[in-house]
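>>> have a look at this prediction, sequence included:
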2 protein chains.
Amino acid sequence: MKIEVKKNILATNAAMAAKNRERLQKNEVRMINLMASPGAGKTSVIMKAIEGTRERLNLAVIEGDIASEIDSLAIEAMDIPAIQINTGGSCHLTAAMVAAALDHLDLAALDAIVIENVGNLVCPAEFDLGESARLMIASVAEGDDKPYKYPMIFREVNAILVNKIDLLPYCDFDLPRFRQVVGTLNPEAPVIELSCRDGYGAEELCRWLEMTASAGRVDLTS
Amino acid sequence: MKIEVKKNILATNAAMAAKNRERLQKNEVRMINLMASPGAGKTSVIMKAIEGTRERLNLAVIEGDIASEIDSLAIEAMDIPAIQINTGGSCHLTAAMVAAALDHLDLAALDAIVIENVGNLVCPAEFDLGESARLMIASVAEGDDKPYKYPMIFREVNAILVNKIDLLPYCDFDLPRFRQVVGTLNPEAPVIELSCRDGYGAEELCRWLEMTASAGRVDLTS
């Protein structure tokens, strides 16, 4: 019974995600769903990506949070269109929430939209938003065992950022071990080492974003 | 309609939580629900608490994770009873899952049970497990803005640990600002600074745990 409820919710969501995808395709806009734990550095990563690509890409950002609009204000201060979604109590964005946000964006003027999902490694991975690519952040401070505990999200993304790489000397994070486990779960996804503090890896992040924004759509509907 | 579904789930959970609470009360066992983001240091905190209290408290641990039994194996290696719950896809523990775990513990021999909830700042705060106290960890590496974004969990806990305090020199974490915001949301909860790496604050954590384990039950049913 409970499983039925969830199945219905996911089916309704998938239908709405397909509509979002069609709408974006018509406008030739790519959408990237960025997922991570609370405090892994999602907003900082988006700000680095904006800095590094703003001369070549027209970006917009959809910010998902339980509460507050701190993040969208930070993005707007960079002269980038930003739509804040406050989910109330919900621990993930849904395709319907994103559809409402798309209504407020001038899609014809955009190359790509980055969605900052709610900080959570579990449910966001289950809800298709109509995105063309999925990106996740693992922070060095979280430890190298996250792929064991949250395997689904590591399997379902198109690229993995290892953020706060500047904290490596102060944390017990075994980078080769992490790369090995991630490589087993998801051999296709590039693993990009990054520090938003000192800019290490930002160029590689921006290259990935530009490639994703200009490449043929990655089909995630199957 | 969706809200009804959730209401029913929460009502069923509350009934089961009340049963857990009654069962624990009969055995004079306190139960502490420990919540945090992925990688904030929940298992390390529990290990510090075991080390510091093992001569005075008989503890057991219930480990909640989406997948893997890494954490319960680490606790068992310390000769402490540990029950692993793998939730499959679920982003939080429920009172029914905890009830099943309690069946495997010798309650008469215990003073307190620490539950490590699934790494998530959202849904765990909504599900009463029958605990007598709630403890949360905020990690310095996550940034000082978490109370704005996840206010519910900060409001509902009995104590807040600021873990990885050794990373303060390397992170943009404004401790006075954090304390001020937390103090507004939850003036009753002590804020304990902690480093599981060098042991700073471990004594204060253990004092809190011993007080909680021996004090009259905190009534969270209202």
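Cool, the structure landed.
>>> contacts and neighbour counts: CA atoms only from here.
Noted.
>>> tell me if residue A:84 really is in a helix.
No - secondary structure of residue A:84 (DSSP: H, G, I helix; E, B strand; the rest coil): strand, not part of a helix.
>>> per-residue pLDDT of the closest residue to it other than its chain neighbours, please?
The shortest distance from residue A:84 to any non-neighbouring residue, by Cα to Cα, 6 or more residues apart in numbering or on different chains, is to residue A:63 (4.7 Å). With respect to pLDDT, residue A:63 scores 96.
>>> look up which residues are beta-bridged to residue A:63.
With DSSP bridges applied, residue A:63 shows beta-bridge pairing to residue A:84, residue A:116.
>>> ok, it to residue A:69 distance?
8 Å (Cα to Cα, to the nearest Å).
>>> what touches both of those two?
residue A:84 (Cα atoms under 8 Å, 6 or more residues apart in numbering or on different chains).
>>> at which residues are the helices of chain A located?
A:2-26, A:42-53, A:70-76, A:95-102, A:146-149, A:151-156, A:175-185, A:202-214 (DSSP state H).
>>> a markdown table for those helices, including mean pLDDT?
Compiled in a markdown table, those are given as follows (pLDDT from 0 to 100):
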| stretch | mean pLDDT |
| --- | --- |
| helix A:2-26 | 84 |
| helix A:42-53 | 98 |
| helix A:70-76 | 94 |
| helix A:95-102 | 96 |
| helix A:146-149 | 94 |
| helix A:151-156 | 96 |
| helix A:175-185 | 97 |
| helix A:202-214 | 96 |
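>>> residue A:174: what's it in contact with?
Here residue A:174 is in contact with residue A:144 (Cα under 8 Å, 6+ apart).
>>> that one and chain B, how far apart?
Relative to chain B, residue A:174 is positioned 14 Å away (Cα to the nearest Cα, to the nearest Å).
>>> mind checking pLDDT for that residue?
In this model, residue A:174 is scored at 98, pLDDT.
>>> got the helices of chain A as TSV, with mean neighbour count columns?
Below are the helices of chain A laid out as TSV (neighbours: other Cα atoms under 10 Å in any protein chain shown):
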stretch	mean neighbour count
helix A:2-26	15
helix A:42-53	20
helix A:70-76	18
helix A:95-102	18
helix A:146-149	20
helix A:151-156	21
helix A:175-185	16
helix A:202-214	18
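>>> closest one to residue B:8 among these?
The closest of the helices of chain A to residue B:8 is helix A:2-26. By Cα to Cα, the value is 10.6 Å.
>>> the residue most central in space within chain A bridge partners, please.
Centroid check for chain A by Cα atoms, centre = their mean gives residue A:34 as the closest residue, at 0.6 Å. In this entry, residue A:34 is beta-bridged to residue A:116, residue A:135, by DSSP bridges.
>>> look up how far residue B:119 lies from it.
For residue A:34, the distance to residue B:119 (Cα to Cα) stands at 18 Å.
>>> quick check: residues of chain A near chain B?
Residues of chain A lying near chain B by Cα under 8 Å from any Cα of the partner chain: A:37-41, A:65-68, A:89-91, A:120-123, A:141-143, A:146, A:148-151, A:167, A:170.
>>> among those, name the buried ones.
Among these, those that count as buried by neighbour count (16 or more other Cα atoms under 10 Å in any protein chain shown) are A:37-41, A:65-68, A:91, A:120-123, A:141-143, A:146, A:148-151, A:167.
>>> and the residue nearest to residue A:193 when sequence neighbours are not counted, what is it in contact with?
Leaving aside its sequence neighbours, residue A:193 sits nearest to residue A:162 (Cα to Cα, 6+ apart; 4.8 Å). By Cα under 8 Å, 6+ apart, residue A:162 lies in contact with A:137-140, A:191-194.
>>> go again using 10 Å as the cut-off
By Cα atoms under 10 Å, 6 or more residues apart in numbering or on different chains, residue A:162 lies in contact with A:40, A:136-141, A:175, A:178-179, A:191-195, A:201.
>>> next step: these restricted to strands.
Using DSSP state E, the members of the contacts of residue A:162 that fall in strands are A:136-139, A:191-193.
>>> so between residue A:63 and residue A:69, which is more surrounded?
Neighbours were counted for residue A:63 and for residue A:69 using other Cα atoms under 10 Å in any protein chain shown; residue A:63 has more, 27 against 17.
>>> now the more buried one: how far from chain B?
For residue A:63, the distance to chain B - Cα to the nearest Cα - is 12 Å.
>>> test my guess that that residue contacts residue A:32.
No - Residue A:63 sits out of contact with residue A:32 when judged by Cα atoms under 10 Å, with a separation of 12.0 Å.
>>> who touches both of the two?
A:114-116.
>>> may I see the ChimeraX selection of the buried members of those residues?
This is how ChimeraX selects the buried members of those, with burial counted by 16+ other Cα under 10 Å:
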select /A:114,115,116
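>>> tabulate the shared contacts of residue A:63 and residue A:32 (TSV), appending pLDDT.
Shown next, in TSV, are these (pLDDT from 0 to 100):
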residue	pLDDT
A:114	98
A:115	98
A:116	97
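>>> report the separation between residue A:181 and chain B.
Using Cα to the nearest Cα, residue A:181 is found at 13 Å from chain B.
>>> and what of residue A:180?
Applying Cα to the nearest Cα to residue A:180 and chain B gives a distance of 17 Å.
>>> residues contacting residue A:122?
Residues near residue A:122 by Cα under 10 Å, 6+ apart: A:35-37, A:91-92, A:149-153, B:38, B:66, B:89-92, B:118-120.
>>> same list (the shared contacts of residue A:63 and residue A:32) but as CSV, adding distance to residue B:13.
Listed next are the shared contacts of residue A:63 and residue A:32 as CSV, based on distance: Cα to Cα, whole Å:
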residue, distance to residue B:13
A:114, 36
A:115, 33
A:116, 31
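>>> just the shared contacts of residue A:63 and residue A:32 now: which is nearest residue A:15?
Looking across these and measuring by Cα to Cα, the closest to residue A:15 is residue A:115, at 18.8 Å.
>>> and the closest one, what does it touch?
Residue A:115 neighbours (Cα under 10 Å, 6+ apart): A:31-35, A:42, A:46, A:60-64, A:82-84, A:93, A:98, A:129, A:131, A:134-135.
>>> quick revisit: quick one, which of the helices of chain A gets closest to residue B:208.
Per Cα to Cα, nearest to residue B:208 of the helices of chain A: helix A:146-149, 28.6 Å.
>>> kindly format the C-alpha coordinates of that closest one as PDB.
C-alpha atoms of helix A:146-149 as PDB (Å, rounded to 0.1, in the frame of the first residue of the first chain):
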ATOM      1  CA  LYS A 146      29.700   8.100   1.200                       C
ATOM      2  CA  PRO A 147      29.600   5.900  -2.000                       C
ATOM      3  CA  TYR A 148      29.000   2.900   0.200                       C
ATOM      4  CA  LYS A 149      26.100   4.500   2.100                       C
END
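>>> what's around the nearest residue to residue A:137 once chain neighbours are set aside, how many residues?
Nearest non-adjacent residue to residue A:137, counting by Cα to Cα, 6+ apart: residue A:161, 4.6 Å away. Neighbour count for residue A:161, taken as other Cα under 10 Å: 23.
>>> understood, closing this out.
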